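Trainee: give the three-dimensional model of this entry:
(one chain, ligands or ions: 1)
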Amino acid sequence: MASDAEIEAMRQAIGLAARGLATVLPNPVVGCVLLGPDGTVVGEGWHEHAGGPHAEVMALRAAGERARGTTAVVTLEPCNHTGRTGPCSEALIAAGVTRVVVAVPDPSDEACGGAVRLREAGVDVETGVLTQEAEQGLEPGEGNEVWLTAVRRQRPFVTWKFAATLDGRVAAQDGTSQWITSVEARGDVHRLRAQVDTMLVGVGTVLADDPLLTVRDADGKPLARQPLRVVADTRNRTPQNAKIRGDDAPTWIATGEEVGVVTGSKGSSALDLPSLMHQLYVRDRRHVLLEGGPRLAGAMVEAGLVDRVIAYLAPALLGAGPNALIDAGITTIADVWRLDLVDVRQVGGDVRVLARPRARH
Ligand SMILES: Nc1nc(O)c(N)c(N[C@@H]2O[C@H](COP(=O)(O)O)[C@@H](O)[C@H]2O)n1
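Mentor: Numbers count the residues shown, from 1 in each chain. All right, here's what the predicted structure looks like:
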């Protein structure tokens, strides 16, 4: 059973892991704390970027010789493979760590097995400590949920974000939509964009709004690392001069020819969205931010491909204009799509709702 000091160290490790949120994809966020025999912290580390040292190695480096005889408290099972770096299980054994406390087992086929290897080497291993906190984060959305879900489902985690009036409209009747929410809410969206590796829009949004879809800082300057911009464009209708084709960020116009088409619920042909998601996963994409429009959002919901919803609701009314979601395949109240509220807070003059879908039949 984990001691109070180990549980406290795990909380600290989860907080450290979150420091990698905007830099670590396609890898997991991971934190590690090394506790000496008297329960004091002798080293800590977190995984900063894919290809860089893992959290355990960072913590071992910080502790140096003091790592011998310590307990490693780590948010993800130590990896047991040689990828871009060496196996953490072996690094912990070589450093003389005698006990390892883990929050979540590694679900990946390539890297799992660290707990077994450590036990074989005589290290005491305890798993399942603060599992939920490590997955969900100490603050909403700040855990390893994105990477864990992506690896378990072999497709990127999908966050659907929209901004609407209180009557659920995402644009006015004439199509204008700038701006429904406050400057603070829009700044919050840019922080969110900085944590994803892919942004997805439908071609209807490109034709209507001609968005740039880059990530910008508080002064409006583009960040160095830009997510891949993907347009779901079954019939290749993205104009050659669309802003999204510019070289501000990488872009993939995902056409039916490339991704495949399926016959939609109303008989029309539509992009094969599970295939699109799988192709993104194969290209090492782990977190998709679905930015609209309502039809693509409806199709993603219908296909069961939305893992988190973030709604920015402005205290404003339009009375007409498109709703946030169109045609999600729901026709009767018995099929209503229920979500669990994760977090509700005020951002500027707006309300931000973070919710997670319940499993559907
Ligand atoms: N336990 C643990 N700590 C870290 O800090 C990690 N980054 C990981 N990652 C696991 O190893 C895979 C990536 O390894 P490379 O970037 O190729 O070195 C990743 O898929 C995880 O399974 N684990």
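
Trainee: please make it C-alpha for all contacts and neighbour counts, starting now.
Mentor: OK.

Trainee: residues near Arg283, how many?
Mentor: Neighbouring residues of Arg283 were enumerated by other CA atoms under 10 Å; the total is 10.

Trainee: residue contacts, Arg19?
Mentor: 29, 46, 48 (CA atoms under 8 Å, 6 or more residues apart in numbering).

Trainee: narrow the residues you listed to those in strands?
Mentor: Trp46 (DSSP state E).

Trainee: please render the contacts of Arg19 as JSON lines that adds distance to the ligand and pLDDT to the earlier fields.
Mentor: What follows is these, written out as JSON lines (distance: CA to the nearest ligand atom, whole Å; pLDDT from 0 to 100):
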{"residue": "Val29", "distance to the ligand": "7", "pLDDT": "98"}
{"residue": "Trp46", "distance to the ligand": "6", "pLDDT": "98"}
{"residue": "Glu48", "distance to the ligand": "8", "pLDDT": "96"}
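
Trainee: just put the contacts of Arg19 in TSV and tack on neighbour count.
Mentor: Below are those laid out as TSV (neighbours: other CA atoms under 10 Å):
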residue	neighbour count
Val29	34
Trp46	27
Glu48	26
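
Trainee: which one of the contacts of Arg19 is nearest to Gly202?
Mentor: Val29 (29.4 Å; CA to CA).

Trainee: the helices in the protein, which residues?
Mentor: 4-17, 55-63, 88-94, 114-120, 131-136, 145-153, 183-193, 203-209, 256-259, 273-282, 294-302 (DSSP state H).

Trainee: what's near enough to touch the residue in the stretch 101-250 of the chain positioned nearest to the ligand?
Mentor: Nearest residue of the stretch 101-250 of the chain to the ligand, counting by CA to the nearest ligand atom: Ala111, 4.6 Å away. Contact analysis of Ala111 by CA under 8 Å, 6+ apart lists 79-81.

Trainee: take those residues and keep only those in strands.
Mentor: Among these, no member lies in strands (by DSSP E).

Trainee: ok, so of those, who is nearest the ligand?
Mentor: Using CA to the nearest ligand atom, those come closest to the ligand at Cys79, 4.8 Å.

Trainee: list the contacts of that closest one.
Mentor: Contact partners of Cys79, counting by CA under 8 Å, 6+ apart, are 87-89, 106, 111-114.

Trainee: let's see 10 Å
Mentor: Residues counted as contacts of Cys79 (CA atoms under 10 Å, 6 or more residues apart in numbering) are 54, 56, 85-91, 105-106, 108, 110-115, 117.

Trainee: mark which of those residues are buried, thanks.
Mentor: The neighbour-count test (16 or more other CA atoms under 10 Å) applied to the contacts of Cys79 identifies 54, 56, 87-91, 105-106, 111-115, 117 as buried.

Trainee: now the residue of the stretch 251-361 of the chain found nearest the ligand. Nearest residue, chain neighbours left out?
Mentor: Nearest residue of the stretch 251-361 of the chain to the ligand (CA to the nearest ligand atom) works out as Asp284 at 10.3 Å. Residue nearest to Asp284 in three dimensions, not counting chain neighbours: Pro26, with 6.0 Å by CA to CA, 6 or more residues apart in numbering.

Trainee: dump the residue contacts of that neighbour.
Mentor: For Pro26, counting by CA under 10 Å, 6+ apart, the contacting residues are 49-51, 146-147, 150, 156, 196-197, 281, 283-287.

Trainee: list the buried residues for stretch 296-303?
Mentor: Buried-residue list, stretch 296-303, by 16+ other CA under 10 Å: 296-302.
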